[in-house]
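Participant: Below: sequence and its predicted model.
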Amino acid sequence: MWDYAEKVKEHFLNPRNVGEVENPDGVGEVGSLACGDALKLTFKLDDEGKIEDVKFQTFGCASAIASSSALTELIKGKTLEEAESITNRDIADFLGGLPDEKMHCSVMGKEALEAAIENYRTGETVTHEMEGDVVCTCFGITDHEIEEVVRDNNLETVEQVTNYCKAGGGCGGCTGEIEKIIQRVRGEKKESGEQKPKRPKNLTNIQKIQLIQEIINEQVRPSLKADGGDLDLIDVVGDDVIVAFRGMCANCKMAELTLTDVVQAKLREYVSEDINVYEKK
Amino acid sequence: MDTIYLDNNATTQVAEEVFADMKPYFTEYYGNPSSMHTFGGQVGRKLTEARNRCASLIGCDPSEITFTSGGTESDNWAIRGILAATPNRRKIITSRVEHPAVLTMSRSMAPHGYNVVEIDVDENGRLDIDQLEKEVDEDTALVTIMWANNETGTIFPVEKIAETAHNSGAVFHTDAVQAVGKIPVDMAESKIDLLSVSGHKLHGPKGIGFLYVRKGVMLRPFIKGGHQESGRRAGTENTAGIIGLGKACQLAEQNIEKENTEVKRLRDKLEAGLLEKCPHAFVNGDSENRLPNTTSISFEYIEGEAILLMLDKYGICASSGSACTSGSLEPSHVLRAMGVPFTAAHGSIRFSLSIYNNENEIDKVIEVMPPVIKRLRELSPFGRRQK
Ligand code: FES
């Protein structure tokens, strides 16, 4: 049996937003009985274009059900643009993580959402898995889907791809093709220099402050500490970040340089381009 | 919350009497049975007693039993040992529904120039005997077919298969890990050449089992080293394990009647109760030739792991033939070979009982399970459409 996070179990046993929205604005369906999991997502928008109501039906294992429930919680109250920026990783993170072998459940959630939004915009019923050429015939997975999971989750091996979207998990006849796709996507990434982590979009205030604290803790403080100094986060007001130097740094002549070239640069790289860092004296 | 354990084909609880017999051989009588001193010698005598008990359960001569580390080793050894002893025959015949211990081992011989043939089963999990008869020929070294299937409980006609094998001069091995202790087995009246048994499937400890090798059958050793087990299987004996296995075999012999009356009655009650209360459910496997303790039921339109996790909340332990529990993605190879439709294969649950189960437990499962199935179907897009 899998070692599930408490939140996964909780959302499995008490899933939120089960069912079908009446007269939905968007409907998305992915998966099939043959694949062993399937998800139907329906939503309705309010006057401001925000997701007012969303419901799901899922055939699948505990993590598939929990992922669907998490997805509905994540997108409720959001505009479609905001909802679109949610990745399968966000779904997994919301649940406190999923076992690697179960990441495909979170991918299914993202796909259903995409299909539902597409249905709202074009009025067409998109059968998501049919975009692109089918690479894995056992599970009906296309090259587009494989490219997407490789890109979104920075995958490196065929085994990981199988965990994330099932491709390659049946007869294994498609593994050579998957390997090529991985190489292609990773090659593109290198060329476009897309090695750095992407700056997340649409952070709430709390998420933003948490991220700033995280970057300071992980990327800034260790090098300052190595030189006998340190730095504390004092406040965040909009895009203004206020910090205070401690230890050796407090009296250092180079402090100003550290402030802009290290602290501000890191936060602009990982959090937002608009960030300005000030020192509290 | 009390555990309701209905997963006895996976493993069983060690019987109290078995543990009591084993215990002194860890702490008090820890001598090596191969030693010359009395201290070790007394352990040797206890091993002889264990061997006799094992032999009695399957009606063979004690010299025909060699202790191994369990079912997998016995299966592996039987296959490798026979192939090594008959180098001029290059064909292995097995079935599509074997345990991985047989299937993986057999398939691994293909790159070494062996022709590995896997016989089909029908929708009830019964072996295609016609196909088997056509395939067995002068080139066949070994036919290895299980006695009873671990997932569906379907029993294969092993005596008939042995006869077919012998007609072409091939050796017949059966993986009897699920059969021994549950149905009567008598090697004295049998044509079977080799038979694998595992301790932990019959209330003995894990890590111990034996391979029965009929007198006169040529079998090369698998593990080489010292002279233990008459040179057939080297390595200091797992003494406490062997003693436990011997006791478990003795108890199994005493309880075989109960397995086929009381356990079977409870199994039938469970099966009938669930089928009656859960629509879109059916049993996988042969209704007539089936282990008395096993039932595999498919619940259409829902997924096995989800069922198991919900049952877990009530302390009910069963197992699933579906993909998601194991990490592989397809339903079990057994259900696939039987052609169980995908709509059902993903939602199959195996209950396997033992003499330690009681009426109350079965009643509880019949009470708890239908709402669980209903609840999951409400969550499922397919379940809703079926209403
Ligand atoms: S084609 Fe992809 S696993 Fe079979």
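Facilitator: All right, it came through fine.

Participant: Identify the residues contacting the most centrally placed residue in chain B.
Facilitator: For chain B, B:Gln178 is the residue whose C-alpha lies nearest the centre (C-alpha atoms, centre = their mean; 2.8 Å). Neighbouring residues of B:Gln178 by C-beta atoms under 8 Å, 6 or more residues apart in numbering or on different chains: B:Asn9, B:Met146, B:Trp147, B:Ala148, B:Asn149, B:Asn150, B:Gly153, B:Lys201, B:Leu291, B:Thr294. The way it works is simple: take the backbone N, C-alpha and C, and place the C-beta from them, glycine included.

Participant: Which pLDDT does the model give it?
Facilitator: Per-residue pLDDT puts B:Gln178 at 97.

Participant: and it, which of the three is it?
Facilitator: Three-state call for B:Gln178 (DSSP: H, G, I helix; E, B strand; the rest coil): coil.

Participant: can you count the residues close to residue 21?
Facilitator: Here I'm looking at chain A. 19 (other C-beta atoms under 10 Å in any protein chain shown).

Participant: Oops, wrong one, chain B.
Facilitator: 20.

Participant: Secondary structure element holding it?
Facilitator: helix B:16-22 (DSSP states H and E).

Participant: For the stretch 101-250 of chain B, which residue gets nearest to the ligand?
Facilitator: B:Arg107 (17.5 Å; C-beta to the nearest ligand atom).

Participant: got the contact list for the residue lying closest to that residue once chain neighbours are set aside?
Facilitator: Using C-beta to C-beta, 6 or more residues apart in numbering or on different chains and skipping residues adjacent in sequence, the residue nearest B:Arg107 is B:Val116, 5.9 Å away. Applying C-beta under 8 Å, 6+ apart to B:Val116 gives the contacts B:Lys91, B:Ile92, B:Thr94, B:Ser106, B:Arg107, B:Met109, B:Ala110.

Participant: still on that earlier bit, what is the burial count for the residue of the stretch 101-250 of chain B closest to the ligand?
Facilitator: Neighbours of B:Arg107 (other C-beta under 10 Å): 15.

Participant: For stretch A:96-106, which residues meet the burial criterion?
Facilitator: A:Gly96, A:Leu98, A:Pro99, A:Glu101, A:Lys102, A:Met103, A:His104, A:Cys105, A:Ser106 (16 or more other C-beta atoms under 10 Å in any protein chain shown).

Participant: now, which of those sits nearest B:Tyr5?
Facilitator: A:Pro99 (24.8 Å; C-beta to C-beta).

Participant: ok, that closest one touching A:Ser63?
Facilitator: Yes: using C-beta atoms under 8 Å, A:Pro99 makes contact with A:Ser63 at a distance of 7.5 Å.

Participant: can you list residues touching both of the two?
Facilitator: What both A:Pro99 and A:Ser63 touch, as defined by C-beta under 8 Å, 6+ apart, is the set A:Trp2, A:Tyr4.

Participant: Name the nearest residue to whatever residue of the stretch 151-300 of chain B ends up closest to chain A, ignoring sequence neighbours.
Facilitator: In the stretch 151-300 of chain B, the residue found nearest to chain A is B:Glu300; the distance is 9.1 Å by C-beta to the nearest C-beta. Excluding its sequence neighbours, the residue lying closest to B:Glu300 (C-beta to C-beta, 6+ apart) is B:His280, at 4.1 Å.

Participant: Domains in the chain, by residue range?
Facilitator: Defaulting to chain A. A:1-127, A:129-195, A:205-279 (the TED database).

Participant: The chain in question should be chain B.
Facilitator: If you go by the TED database, chain B breaks into B:4-11+B:256-379, B:16-252.

Participant: Do the first one and the ligand come into contact?
Facilitator: No: in this structure, domain B:4-11+B:256-379 remains apart from the ligand according to C-beta under 6 Å from any ligand atom; the gap is never smaller than 8.5 Å.

Participant: Distance-wise, check the one residue in the stretch 101-250 of chain A that gets nearest to chain B relative to A:Thr175.
Facilitator: In the stretch 101-250 of chain A, the residue that lies nearest chain B is A:Gly169 (3.7 Å; C-beta to the nearest C-beta). According to C-beta to C-beta, to the nearest Å, A:Gly169 and A:Thr175 sit 10 Å apart.

Participant: So these two - more neighbours on which side?
Facilitator: Set A:Gly169 next to A:Thr175 and count neighbours by other C-beta under 10 Å: A:Gly169 wins out with 27 against 18.

Participant: The more buried one and A:Ile141 touch, don't they?
Facilitator: No: applying C-beta under 8 Å as the test, A:Gly169 and A:Ile141 come out as separate, 9.4 Å apart.

Participant: Need the residues touching each of those two.
Facilitator: Joint contacts of A:Gly169 and A:Ile141 (C-beta under 8 Å, 6+ apart) do not exist.

Participant: What are the contacting residues of the one helix or strand B:Thr343 maps to?
Facilitator: Here B:Thr343, judged by DSSP H and E, is contained in helix B:342-345. With contact meaning C-beta under 8 Å, 6+ apart, helix B:342-345 is reached by A:33-34, A:36, B:282, B:298-301, B:321-322, B:331-332, B:335-336, B:382.

Participant: which one of these is nearest B:Gly225?
Facilitator: B:Ser332 (36.8 Å).

Participant: thinking that closest one is in contact with B:Gly321, fair?
Facilitator: Yes: counting by C-beta under 8 Å, B:Ser332 touches B:Gly321, with 4.0 Å between them.

Participant: Which neighbours do those two have in common?
Facilitator: B:Glu151, B:Ala345, B:Ser348.

Participant: pretty sure the last one is touching B:Ile302, no?
Facilitator: No: if you go by C-beta under 8 Å, B:Ser348 and B:Ile302 don't touch, sitting 10.3 Å apart.

Participant: just the helices in chain B please.
Facilitator: Taking DSSP state H as the criterion, chain B carries its helices at B:16-22, B:24-27, B:38-58, B:71-85, B:100-107, B:129-135, B:158-167, B:239-258, B:264-277, B:304-312, B:333-337, B:342-345, B:359-379, B:381-386.

Participant: Nearest residue to residue 110 in space, ignoring adjacent ones along the chain?
Facilitator: In the absence of a named chain, chain A is used. A:Asn88 (4.5 Å).

Participant: Can you look at chain B instead?
Facilitator: Going by C-beta to C-beta, 6+ apart, B:Ala110 has B:Val116 as its nearest residue, at 5.0 Å.

Participant: again, but for B:Asn76
Facilitator: In space, B:Asn76 is closest to B:Met105, 5.0 Å off (C-beta to C-beta, 6+ apart).

Participant: how far away is the one you found from B:Ala165?
Facilitator: Applying C-beta to C-beta to B:Met105 and B:Ala165 gives a distance of 18 Å.

Participant: Just give me how far stretch B:146-159 sits from the chain centre.
Facilitator: 9 Å (C-alpha atoms, centre = their mean, to the nearest Å).

Participant: State the mean pLDDT of that stretch.
Facilitator: 97.

Participant: gap between the two ends of that stretch?
Facilitator: End-to-end distance of stretch B:146-159: 12 Å, with C-alpha to C-alpha, to the nearest Å as the criterion.

Participant: ok, how many other residues are close to B:His203?
Facilitator: Considering only other C-beta under 10 Å, B:His203 is surrounded by 28 other residues.

Participant: actually A:Asn14, sorry about that
Facilitator: 10.

Participant: repeat for B:Arg126
Facilitator: 20.

Participant: How about the one 5 residues further on?
Facilitator: B:Gln131 has 16 neighbouring residues, counting by other C-beta under 10 Å.

Participant: same check, this time on A:Pro15
Facilitator: A:Pro15, neighbours per other C-beta under 10 Å, totals 19.
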